[in-house]
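Student: turn this into a model:
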Amino acid sequence: MDGETETASARGKVRRYAGLAFFAALAGALALYYCILHSKPFTQNAFLVANVRPVSPLVEGYVTSIRVRNHQFVRRGEVLFTTFRVPYELKVAELTHAVAEKEAVCDALDAELAAAQAEFKRTEAEAANREFLAAQAAEMYGGGAVSQTYAEETRRAAEAARARFDGARHTVEAIRHRRRAARSAVEALRRRRAIAEVELEETTVRALEDGHIANMYVSPGGYYRPGEVLFALVAADEWFVQANFEETDLSMVRAGDRASVWLWQYPGKRFHGVVEAGSWSAERRTTAAESGVQRIRRENQWFILPQRFPVLIRITDPDPEHPFHLGGSAYVRIETGARLWEQLAWRFFRWE
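Tutor: Model (predicted):
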């Protein structure tokens, strides 16, 4: 019995030691895997982003037709929807007639000005002639050749001719001012008509870039105003990943560094990218609404988590066989050093 008991005890110890060895090996393997994985900046907190353009009516009115459907791919310039055109067509026609009317007024003023200028020249010549006769009569009266009455009559006739000349000059100036005002009115109406033509053109809303329609749940007949978002257009020309890295991983990361991206949707498929910029930032300040004084968050003083920064990575090799979907989750690794051991040691020892 004692031999069997000792054998069973020995076997139990072997099993315990084997179990401990197994867990120690597992822990070591996990630690090794972690160190290898984080020898370069790595994060699972990442997702796909793209340039998203809100699509809204450009003019007020009700939608007459929808030319696209949800999730459809559209090309730049393709019609998305149309707004009721008739009021804008009538506005263009109204302003076209108003421009023609004012242009006719300008033509009439041109003719009136020509007549006034001719009258101005006639009164100018008449005034010059009357002044000459008055000067001759005054000289002849001094020599006793004509009577005082005649000299006085010629002087007064010269003054009257001068007055008519001044009146003709003022008439020409007044017509010129009226013509200038009429020309300005024509230009103002033309600008209003140009704006009306732009609004008429904007009753047809087109895609400003290639992309996919998203969140489109509208139908013809709805009345909308400019700026009211109807759906979104997700641009297809460029795709990015927003990778939220811990600040301890970013010591050596710079704009232009290469990155590897794996999407959860496509296991094993590796995409390549490049870091777009290095000016990362994150807002940490909060303000108390009651007092306006800055509020400091309470944190665990023994274990404070490092701040995460959003790093934008542009994907350089999108694959049509693996289409991207906005907001999709991703793993990201930046192909540069992470200073893992220095960061871990500094967390504990805080050397200078």
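Student: following the chain past the biggest strand by length in the chain, name the next helix or strand.
Tutor: Looking only at the chain and at elements set by DSSP state E, the strand with the highest residue count is strand 231-246. Stepping forward along the backbone from strand 231-246, the first helix or strand reached (DSSP states H and E) is strand 258-263.
Student: quick one: strands adjacent to that following strand?
Tutor: strand 270-275 (antiparallel), strand 329-334 (antiparallel) (DSSP bridges).
Student: can I get those strands in JSON lines with mean neighbour count, mean pLDDT and distance to residue 318?
Tutor: For every residue, glycine as well, the C-beta is placed using N, CA and C. As requested, the strands paired with strand 258-263 are exported to JSON lines (neighbours: other CB atoms under 10 Å; pLDDT from 0 to 100; distance: least, CB to CB, whole Å):
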{"stretch": "strand 270-275", "mean neighbour count": "19", "mean pLDDT": "96", "distance to residue 318": "7"}
{"stretch": "strand 329-334", "mean neighbour count": "21", "mean pLDDT": "94", "distance to residue 318": "13"}
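Student: got these as JSON lines, with distance to residue 217 columns?
Tutor: Shown next, in JSON lines, are the strands paired with strand 258-263 (distance: least, CB to CB, whole Å):
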{"stretch": "strand 270-275", "distance to residue 217": "31"}
{"stretch": "strand 329-334", "distance to residue 217": "25"}
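Student: of these, which approaches residue 251 most closely?
Tutor: Comparing these by their distance to residue 251 (CB to CB), the top pick is strand 329-334, with 11.3 Å.
Student: wait, residue 210 touches residue 76, no?
Tutor: Yes - counting by CB atoms under 8 Å, residue 210 sits close enough to residue 76 to count as a contact (5.5 Å).
Student: and of the strands paired with strand 258-263, who's closest to residue 239?
Tutor: Shortest separation from residue 239 across the strands paired with strand 258-263 is recorded for strand 270-275, at 8.9 Å, computed as CB to CB.
Student: low pLDDT regions in the stretch 201-350 of the chain?
Tutor: 300-303, 340-341, 343-350 (pLDDT under 70).
Student: how about the secondary structure of residue 197?
Tutor: Under the three-state scheme (DSSP: H, G, I helix; E, B strand; the rest coil), the conformation of residue 197 reads as helix.
Student: that one and residue 15, how far apart?
Tutor: Separation of residue 197 from residue 15 (CB to CB, to the nearest Å) stands at 89 Å.
Student: same check, this time on residue 124
Tutor: Applying CB to CB, one obtains 130 Å for the distance of residue 124 from residue 15.
Student: now do residue 315
Tutor: For residue 315, the distance to residue 15 under the criterion CB to CB works out to 51 Å.
Student: more crowded one of the two?
Tutor: Set side by side, residue 315 and residue 15 give different neighbour counts by other CB atoms under 10 Å, the larger being at residue 315 (21 against 10).
Student: report whether the expected contact of that one with residue 261 is present.
Tutor: Yes - in terms of CB under 8 Å, residue 315 counts as a neighbour of residue 261; the distance is 6.3 Å.
Student: work out which residue lies at the spatial centre of the protein.
Tutor: For the chain, residue 53 is the residue whose C-alpha lies nearest the centre (CA atoms, centre = their mean; 9.6 Å).
Student: okay, and the beta partners of it?
Tutor: residue 233.
Student: start at 173 instead
Tutor: Sure, I'll start numbering at 173, so the last one becomes residue 225.
Student: and it, what's its pLDDT?
Tutor: Here the pLDDT value assigned to residue 225 is 92.
Student: dump the residue contacts of it.
Tutor: With contact set as CB atoms under 8 Å, 6 or more residues apart in numbering, residue 225 has these partners: 380-381, 383, 404-405, 407.
Student: nearest to residue 218, of those?
Tutor: For residue 218, the nearest member of the contacts of residue 225 is residue 407. The distance, counting by CB to CB, is 19.3 Å.
Student: residues in contact with that closest one?
Tutor: By CB under 8 Å, 6+ apart, the contact set of residue 407 is 222-225, 381-383.
Student: now with 7 Å, please.
Tutor: For residue 407, the contacting residues are 222-223, 225, 381, 383, taking CB atoms under 7 Å, 6 or more residues apart in numbering as the criterion.
Student: ok, which stretches of this structure are strands?
Tutor: Remark: strands of the chain, listed N- to C-terminal, are 214-227, 233-238, 245-246, 251-255, 376-378, 383-386, 395-396, 403-418, 430-435, 442-447, 458-459, 466-467, 480-487, 501-506; assignment by DSSP E.
Student: helices or strands up against the fifth one?
Tutor: Helices and strands touching strand 376-378, by 3 or more CB pairs under 7 Å, 6 or more residues apart in numbering; DSSP states H and E, are strand 251-255.
Student: neighbouring strands - and their directions - for the strand it packs on?
Tutor: Strands that pair with strand 251-255, judged by DSSP bridges, come out as strand 233-238 (antiparallel), strand 376-378 (antiparallel).
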